[in-house]
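J.: Starting from these lines, generate the structure:
(chains A and B)
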2 protein chains.
Amino acid sequence: MTTTQPATGKLPIPEPGVSAASGQRTAMRTHLCADLRADHVGRTVSVCGWVAHRRQHGQSLTFVDLRDHSGLLQVVVDGSVDVRSEYVLRVTGTVAIRPEGTANPALATGEVELRDCAVEVLSVATPPPFPLDDRADAVDESTRLAYRYLDLRRERMQRNLRTRSAVLGAMRTVLAPLDFVEVETPLLMPSTPEGAREFIVPSRQFPGSFYALPQSPQLFKQLLMVGGTDRYFQFARCLRDEDLRADRQYEFTQLDLEMSFVDQDDVLDVISAAVLAAARAVRTDAVPPIERITWHESMNRFGVDKPDLRFDLELVELTAIFAGSGFKAFAGAEAIKGIRVPGGSAAHNRRRLDDLTTRAKSLGAKGLVWMRVGAGGALESPVAKFLSADELAGIVAATDAVEGDLLLLVADEWATTCEVLGQLRNDLGRPPAGQGPLRFVWVVDFPLFVGIDPATGRPKPGHHPFTRPHPDDIAKLESEPLAVRSRAYDLVLNGWELGSGSIRIHESALQQRIFGLLGITPEEANARFGFFLTPFGYGAPPHGGFAVGIDRLVAILAGEENIREVIAFPKTQSGLDPLTGAPTQVTDRQLRELGVRVIAPATPATPATPATPGGDRG
Amino acid sequence: MTTTQPATGKLPIPEPGVSAASGQRTAMRTHLCADLRADHVGRTVSVCGWVAHRRQHGQSLTFVDLRDHSGLLQVVVDGSVDVRSEYVLRVTGTVAIRPEGTANPALATGEVELRDCAVEVLSVATPPPFPLDDRADAVDESTRLAYRYLDLRRERMQRNLRTRSAVLGAMRTVLAPLDFVEVETPLLMPSTPEGAREFIVPSRQFPGSFYALPQSPQLFKQLLMVGGTDRYFQFARCLRDEDLRADRQYEFTQLDLEMSFVDQDDVLDVISAAVLAAARAVRTDAVPPIERITWHESMNRFGVDKPDLRFDLELVELTAIFAGSGFKAFAGAEAIKGIRVPGGSAAHNRRRLDDLTTRAKSLGAKGLVWMRVGAGGALESPVAKFLSADELAGIVAATDAVEGDLLLLVADEWATTCEVLGQLRNDLGRPPAGQGPLRFVWVVDFPLFVGIDPATGRPKPGHHPFTRPHPDDIAKLESEPLAVRSRAYDLVLNGWELGSGSIRIHESALQQRIFGLLGITPEEANARFGFFLTPFGYGAPPHGGFAVGIDRLVAILAGEENIREVIAFPKTQSGLDPLTGAPTQVTDRQLRELGVRVIAPATPATPATPATPGGDRG
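T.: Below is the predicted model of the structure:
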């Protein structure tokens, strides 16, 4: 064995944690800008950063606010040095207390400055096209994205990048001790026409064939369970060729997870711990524990399956009050519910009430009943005259209405009543993203089927056909399919769906029974789902999983409305990258090698409707 | 604010670390199979897993080896229960000491068994097509990959998956306290014809345009530095459409990293700490510190820039001995070096020596001189008669040769002498992957240029043209370009290149000077490299980075020759996935929407030669 000595004369590399770069110290700096305080006074330090502002002080001195990612530090440099906005400097000087009366309490380093400075101009800089502070928030987004490398220098964007990194780190600290195995699944996948529209990648080795980019690692994570991996996670990069909007990019990241030999509570507990750890790592406000409600309760109380618990205005059940009512519109209704808007009477004149009625109708209601609550609980309403005194008193009692309140009632089929009032509730009360507390909620017990297909008379699956029925409802599969709950669950934060998951069907007999209900023959099942069914035939463990949408989670935690603010290099809503110009033309040689040719598209592109939703989606 | 109570009657979710799924406990099991020991005797436990083996014991009992990812446990079940190979079971029973004489010392749980068992068959199973133990190592790889979900059940594959996950985790624990920000860079990139062959993705929104999948996040990580992010890392998924081999897949993962305001030592220290932490997390043997040698020393001593330090056989410098030699083949040679093969004389008959000579010539040498060392240092060689006594004695002294050794000498241009002997050294001494200790080594001070282009008379860059020259050599850029060292460095482990990186040129004046040397006009530079030059014009910090190839690192740490053994779902060497069938045909509708058509490729695909290497590559 040769005994090579380090040829540079340096010591062997130090242990982790005591490297030369431990902390923020490097060969070029001793401190970060925002590290320095009064107790550093008298020390000679080196800092590096960008010129954020400068003020000439006569001929002799220039006051520079030097900026790095930690913040600002005032350095006093010789007036003869040419320092301009966004020049990159290395400054070595002595920490001193600022002169009486010149301290800046708004700045962490506001008590001190660096004096007797030696300045090294590391890079000169062209003036930026927009100011690198909060004023850039008003700049056109495509300009910000074209100069993303400047936009990212801003405090808001650096904070967002670091929030995202901290969220990823906090979630890992929960998963690692629970023995989750991080597995990277392939980016070059088979094409799966079952899901949403996918991106495809031509194969050079097999011209005319294509890989598809993953919409989710669903197939592979379930195969990992069949493969005995027990607990898997991955911060999975996924792609869907869907039209973009504020909360959707072509590319997204999800905490993708799957566990074997579990029931629903096991999965929910792990995900709960992970998202709470993430929230607590980056928020200073208290994060309440995660509540859990059934889909049915969510619909009844909030009218939606993504309830925003940051505000009240819950739906109040009124149906029983109108059993046998003389008012025709109420008497026959399957469900009558109302919302009480506290003090809403004065705030809603006839014009606003008409607008609400129009909105309710556009949402599918036959109409909207409004009632102003007067003195002593008297109800003023166009329909008051059709209702009995008992009915009127019953409404006031059920809603706890007091003088000045506004009541909004819908009487319709149960689903319509819930959904219309749920939308009105959100219209009237929902705070902007980033306002109010963090209210996570699990919505569980989604129905297994979402209705009967009138053409076939068969139930329509609510999720993919591998979702497990609730164990208490399996006996009702054939007799009462629409009453069968599933082991599918969603995680909701402040009214945004953060992700979804389910316990899967792992055994062939139950799977065949579900296929039978859906009218899928064994041959058809094999053709469409053989990639699952064949592996499962070799012995699949009970398993279930989840996917948390990281972009949305981070956006909400960072108080951002738009996920693009928490993505380092996002695309615009048209799918362009103004920074790099992607997508671009490629060379003829590339296309020839791949065996493809560019043609004019036959018809304008229209969004494809997924036949069945794909895997867990964050 | 509404105060929703959990509708399930469950307590709010517990804090991280005390969830119901803490440890390995779930709703279905109390322990893992391999957890149970003599001190559990008498306890009733539940375990889940697959039937690895079973032995019928008369009519009444079946002995089952139940397997989960932790290992095996013997469970004794009623003979009437139909349990077959790879059935999935949940077994609840009492831990008992095995009867006298039946303990299995080869098994961690070999002292105990589970008795009085209630067995739940969770899934039945078709018999697997190959045995799920070490015998599967001999199975054809495409069969193993087609049934990867079974292959992964094997102990070797589970160990490899967990090794990989532990490596990722250990590297993160080094980076997190150093304030590295984890940033996900885009998968849908612009096409960059400068690099290796890339995968492209047709855009539906802009038919005829394409995204490219990242060969590395080089552009984005450097823009993050321009954007003030200071320290970035990512376990980056990268793709190159290159022909596959044992150490290359279309997809690979690299620990991608970049730091601002640093010199080379800062980067090397961080990467060293990360890879040592990874090695120490998964190896039981001692991992020596990382040595550091210059490229020049590596060539002189090992003849390659990827030295394998696990074995001796260093090149010995002999040139000075033959200054003014009467032997023509030595007298004019720029460099004469030799390898001493201890005891190699007897092991190499004339036929093997002829083979070595043929190999040396095929590597570019004019010839190979061999010498057998006899008694008293006498040298037997076809050329001995042309050499003086002093020269012969000098060889013996320089090589420390003793009786029975074999000496192999090459006299040629310096680079040829080094490279030929370096290859012979590897041929003669290199152990298989996974054998011997872990010997990391940094190779630094690579030459900035790799020669003069005879057509233009200009130097050819060794790396991309943004690599920083060594600060001590900048004055020699024009006068003596081939003597200029760079701030480029490689990390090598046991003779495999784990990754590469460099300190970058961040300032325009130096960059223009390099472009000038290379004969690149400002216009051409802007056309080819504008994506860097424009951002850098706004003030770039000094920065540098690195990329560690995770697939190779994990393979070596796991003792695997082939990176496919440490990838959950690899492609075959022809780029096929025998499990999913990818790549596949896609629908006409998909192609129409994208504005592309499949045609026959004009010519058989041939590998593209990259014009200049791309970014840091792990």
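
J.: So what does the residue of the stretch 501-618 of chain A found nearest chain B have for phi and psi?
T.: At 3.3 Å from chain B, residue A:539 is the closest residue in the stretch 501-618 of chain A, using Cβ to the nearest Cβ. Heads up, the C-betas are built off the backbone N, CA and C, glycines and all. Backbone geometry at residue A:539, expressed as degrees, to the nearest 10, gives phi 110, psi 90.

J.: Surely it touches residue A:227?
T.: No. Using Cβ atoms under 8 Å, residue A:539 is not in contact with residue A:227, being 10.4 Å away.

J.: ok, residue A:418 - contacts?
T.: Contacts for residue A:418 (Cβ atoms under 8 Å, 6 or more residues apart in numbering or on different chains) come out as A:299, A:300, A:303, A:304, A:315, A:335, A:337.

J.: What residues of the longest strand anywhere in chain A count as buried?
T.: For chain A, the strand that runs over the most residues, judged by DSSP state E, is strand A:44-57. For strand A:44-57, a neighbour-count test (16 or more other Cβ atoms under 10 Å in any protein chain shown) marks A:45, A:46, A:47, A:48, A:49, A:50, A:51, A:52, A:54 as buried.

J.: ok, now stretch A:364-377?
T.: Result for stretch A:364-377 [16+ other Cβ under 10 Å]: buried residues A:365, A:368, A:369, A:370, A:371, A:372, A:373.

J.: Out of the buried residues of strand A:44-57, the closest to residue B:192 would be?
T.: residue A:50 (27.8 Å; Cβ to Cβ).

J.: My guess is the closest one contacts residue A:88. True?
T.: Yes. Counting by Cβ under 8 Å, residue A:50 does reach residue A:88; the two are 5.8 Å apart.

J.: Need the overlap of contacts for those two.
T.: A:125, B:539.

J.: Give me the phi and psi for the residue nearest to the spatial centre of chain A.
T.: With distances taken as Cα atoms, centre = their mean, residue A:552 lies nearest the centre of chain A, 1.3 Å away. Main-chain torsions, residue A:552, degrees, to the nearest 10: phi -70, psi -40.

J.: how about residue A:382, what does it touch?
T.: Counting by Cβ under 8 Å, 6+ apart, the residues that residue A:382 touches are A:369, A:370.

J.: tell me the pLDDT at it?
T.: The confidence metric pLDDT takes the value 94 at residue A:382.

J.: How about residue A:332?
T.: 86.

J.: can you list the weak-confidence ranges in the stretch 151-300 of chain A?
T.: A:194 (pLDDT under 70).

J.: Strands along that one, start to end?
T.: Remark: strands assigned in the stretch 151-300 of chain A by DSSP state E, counting those that start in this stretch are A:181-182, A:200-202, A:210-212, A:231-239, A:251-260, A:291-294.

J.: List the residue ranges of chain A that fall below the pLDDT cut-off.
T.: A:1-22, A:194, A:600-614, A:618.

J.: how's chain A carved up into domains?
T.: A:38-123, A:132-287+A:545-580, A:312-429 (the TED database).

J.: closest to residue B:131 among the buried residues of strand A:44-57?
T.: Looking across the buried residues of strand A:44-57 and measuring by Cβ to Cβ, the closest to residue B:131 is residue A:48, at 60.5 Å.

J.: so the closest one touches residue A:122, yeah?
T.: Yes. Counting by Cβ under 8 Å, residue A:122 is a contact partner of residue A:48 at 7.2 Å.

J.: How about residues contacting stretch A:456-463?
T.: A:446-453, A:467, A:481-482, A:486, A:488, A:500, A:502, A:517-519, A:612-613.

J.: Show me just the buried residues among the residues you listed.
T.: In the contacts of stretch A:456-463, the ones that pass as buried (16+ other Cβ under 10 Å) are A:446-449, A:467, A:481, A:486, A:488, A:500, A:502, A:517-518, A:613.
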